[in-house]
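# mind folding the following:
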Amino acid sequence: MKQTKLDIMSILPDDLVRYQKFIGFMLKYWNSDLLNHTANSALQETQGDEKVIEKFDQSPEELVEDLKNMGPTYIKLGQLLSTRPDLLPDAYLKALATLQDNVPPILFSEVHKLVEEEIGSRISKAFNTFEEKPIASASIGQVHKATLKSGKPVAVKIQRPGIRKMFLDDLDTLKEIAAFAVKHTTTGKKYAFDEVLEELRHILLQELDYNREAQNLISLGRNLKNFSLLTVPQPVLDYSSSRVLTMEFIEGKKITSISPLYRLENDLSPMLDQLVAAYLQQIITDGFVHADPHPGNIHITKQDTIALIDLGMVAKFTPNIQQKILQLLIALSHDDGEATADVLLNMSEINEDSNVKTFKKVINHLVADGQNQMAKDMQTGKMLIQMNRIAADNGIHISVEVNILGKILLNMDQIIAVLDPEFDLRKAIQTHVHKIMRDKMYDELKPENMFSILLESKKLSENLPERLNKISHNLANNEFRMKIDAIDESRFTDGFQKVANRITLGLIIAAMIVGAAMMMKVPTNFTLLGYPGLAIIFFLIAAMGGIALSYIIIFKDEGYKHKKK
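Next comes the predicted model:
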């Protein structure tokens, strides 16, 4: 059905507002070259943040405020860009990492109406108490404390009305602009703006579906049930929907609110050790990871346990990626720069413009420099983010899972800095990675896994006689054919022809020398230097040919070999 003129006019102003908002933002920042700056200060310690900031008209704090004014979608985009060091300088990354969407709360009348619509029951019937004042408010939703009829305290997260449409409209606008930038600008193509937007869309659609988050809470709680010092609040499914999530209320406080006295009175290293072990298990064993463990999502409970809050953002790793990440962490724990570079390249997209040699060299230097740092100064997450930047600078596109791993470990560094600055994250990773590797090896030896190996061996033994019979039959009838792609046929033919030509030339020269020697005894009136002239001419030709052939073999072939090296 065609849109009427009235329909188009009703849609057009909203589109214009979104474009105007984005274009105004870009006009302010485009001339500052901020988006084109690759932030080499992370690799050049002599260049401080102050010097970086002086190069731009807008400060990191101003960028944060501008993104807040742009709205919830751009706040989420800023949070995503805080993990992209290949796009922005360090000072801006730090500012964006603290970007929080402090927005006015939803009116309780709207909360009351939405909750009752979603759960299909009156609030007074479903809950014993329901506090009107929210305990947290963000761009996507806000959280209220309540108690069930059983007396169990719960947290009820309510999604803001109309927020889904707002996000999708903004994302559609950004998608069009990003596609244009990738098609028509070098910067847009190099940093894959379209991929950044696609990742943002995926993240937001996950966060907007509270049913998915409820299942994430259940899955993570099940996976981490053996960690006594970790807690994952479980959902109350009867009072949850795609826009309302009711879950266990965790009594505690953010780790950023922990007092110095609490840290002095309590040994937090066992808690941190379990947190590191839990995340390594999620990444390497489970393949299901809480992908946003920033300090605001990590709480210390009254029972002195760590609670993982907000599972709207999760990542899933395939078995192949899990194996490669295991190899990467082992290489990093052993300070093996070459192995680290090789694993990263194995997880990357490489083309003819990629500078693999420089990438390996810089990665080696980065890992070697880390050996000289104190344990408390080691930041494995920052190192992985730097590696991502090095790859971008050398035309190498590293798998997005490495960036997720870097973000998780970067958040771990921040959590450790708050709770126990002396905690050795590198040693903890090394210990738990080796344990996971041993467990994987033992798992392969379990009877059920051995049974699958025996089945494969049985299939091989059944098919082997028939295949050997076919091979021997083809050999006997001269029908056996082998296709080898490892040899450059044209180059092999050229080389063989060169050898054959030289052998032939050598035989001709030898024949000329022998013939000249025999002609020395033949009487003739034509002489040169007192010798038979024809014999001397053949001898000189043979001598010059021999010298030329020797020159080619000694100097030209040797030069070719050096060139190939």
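
# just the strands in the stretch 101-250 of the chain please.
127-130, 136-137, 141-148, 153-159, 230-231, 244-248 (DSSP state E, counting those that start in this stretch).

# what pairs with the helix or strand following the last one, parallel or antiparallel?
I take that to be strand 244-248. Downstream of strand 244-248, the first helix or strand assigned by DSSP states H and E is strand 252-254. If you go by DSSP bridges, strand 252-254 pairs up with strand 298-301 (antiparallel).

# and the contacts of the following helix or strand past the partner strand?
For strand 298-301, the following helix or strand on the C-terminal side (DSSP H and E) is strand 306-308. With contact meaning Cβ atoms under 8 Å, 6 or more residues apart in numbering, strand 306-308 is reached by 220, 224, 229-233, 250, 252, 271, 274-275, 290, 293, 297-301. C-beta coordinates here come from the backbone N, C-alpha and C atoms, glycine included.

# re earlier: highest mean neighbour count out of the strands of the stretch 101-250 of the chain?
Among these, strand 244-248 has the highest mean neighbour count (mean count of other Cβ atoms under 10 Å), at a mean of 24.

# which helices and strands sit right next to that one?
Here strand 244-248 touches helix 108-119, strand 153-159, helix 210-223, going by 3 or more Cβ pairs under 8 Å, 6 or more residues apart in numbering; DSSP states H and E.

# okay, those, which one's buried deepest?
Counting by mean count of other Cβ under 10 Å, strand 153-159 has the highest mean neighbour count of the helices and strands packed on strand 244-248, with a mean of 21.

# on that earlier part again, reformat the strands of the stretch 101-250 of the chain as JSON lines; add mean pLDDT and distance to Ile553.
Output for the strands of the stretch 101-250 of the chain, formatted as JSON lines (pLDDT from 0 to 100; distance: least, Cβ to Cβ, whole Å):
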{"stretch": "strand 127-130", "mean pLDDT": "95", "distance to Ile553": "93"}
{"stretch": "strand 136-137", "mean pLDDT": "83", "distance to Ile553": "81"}
{"stretch": "strand 141-148", "mean pLDDT": "93", "distance to Ile553": "80"}
{"stretch": "strand 153-159", "mean pLDDT": "95", "distance to Ile553": "80"}
{"stretch": "strand 230-231", "mean pLDDT": "94", "distance to Ile553": "72"}
{"stretch": "strand 244-248", "mean pLDDT": "95", "distance to Ile553": "80"}
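
# phi and psi next, for Gln234.
The phi/psi pair for Gln234 (degrees, to the nearest 10) reads phi -100, psi 150.

# can we start the residue count at 48 from this point?
Okay, using 48 as the starting number, the last item reads as Gln281.

# from Glu295, how far off is it?
Separation of Gln281 from Glu295 (Cβ to Cβ, to the nearest Å) stands at 5 Å.

# that older thread, ok, of the contacts of strand 353-355, which come out buried?
267, 271, 276-280, 297, 299, 318, 321-322, 337, 340, 344-347 (16 or more other Cβ atoms under 10 Å).

# was I right about Gln477 contacting Ser380?
Yes: Gln477 lies in contact with Ser380 (Cβ atoms under 8 Å); the separation is 3.7 Å.

# dump the helices and strands packed on strand 291-295 to a markdown table, plus distance to Ala225.
Below are those laid out as a markdown table (distance: least, Cβ to Cβ, whole Å):
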| stretch | distance to Ala225 |
| --- | --- |
| helix 155-166 | 33 |
| strand 200-206 | 26 |
| helix 257-270 | 25 |
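
# do you know which of these lies nearest Leu140?
Among those, helix 257-270 comes nearest to Leu140, with 26.8 Å by Cβ to Cβ.

# what's the angle from that closest one to strand 200-206?
Regarding helix 257-270 and strand 200-206, their directions subtend 140 degrees when assessed with axes from the mean of the first three to the mean of the last three Cα atoms, to 10 degrees.

# contacts for helix 257-270, please.
Surrounding helix 257-270, the residues in contact under the criterion Cβ under 8 Å, 6+ apart are 204, 206, 253-254, 279-282, 284, 287-292, 294, 328-329, 333, 335, 337, 355, 358-359, 361.

# just the C-alpha atoms of that helix, please, in PDB.
C-alpha atoms of helix 257-270 as PDB (Å, rounded to 0.1, in the frame of the first residue of the first chain):
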ATOM      1  CA  TYR A 257      14.200  -9.400  29.300                       C
ATOM      2  CA  ASN A 258      13.100 -13.000  28.600                       C
ATOM      3  CA  ARG A 259      16.600 -13.600  27.200                       C
ATOM      4  CA  GLU A 260      18.200 -12.000  30.200                       C
ATOM      5  CA  ALA A 261      16.100 -14.300  32.500                       C
ATOM      6  CA  GLN A 262      17.400 -17.300  30.700                       C
ATOM      7  CA  ASN A 263      21.000 -15.900  30.900                       C
ATOM      8  CA  LEU A 264      20.600 -15.700  34.700                       C
ATOM      9  CA  ILE A 265      19.500 -19.300  34.900                       C
ATOM     10  CA  SER A 266      22.300 -20.600  32.600                       C
ATOM     11  CA  LEU A 267      25.000 -18.600  34.400                       C
ATOM     12  CA  GLY A 268      23.700 -19.600  37.800                       C
ATOM     13  CA  ARG A 269      23.800 -23.300  36.800                       C
ATOM     14  CA  ASN A 270      27.300 -23.000  35.300                       C
END
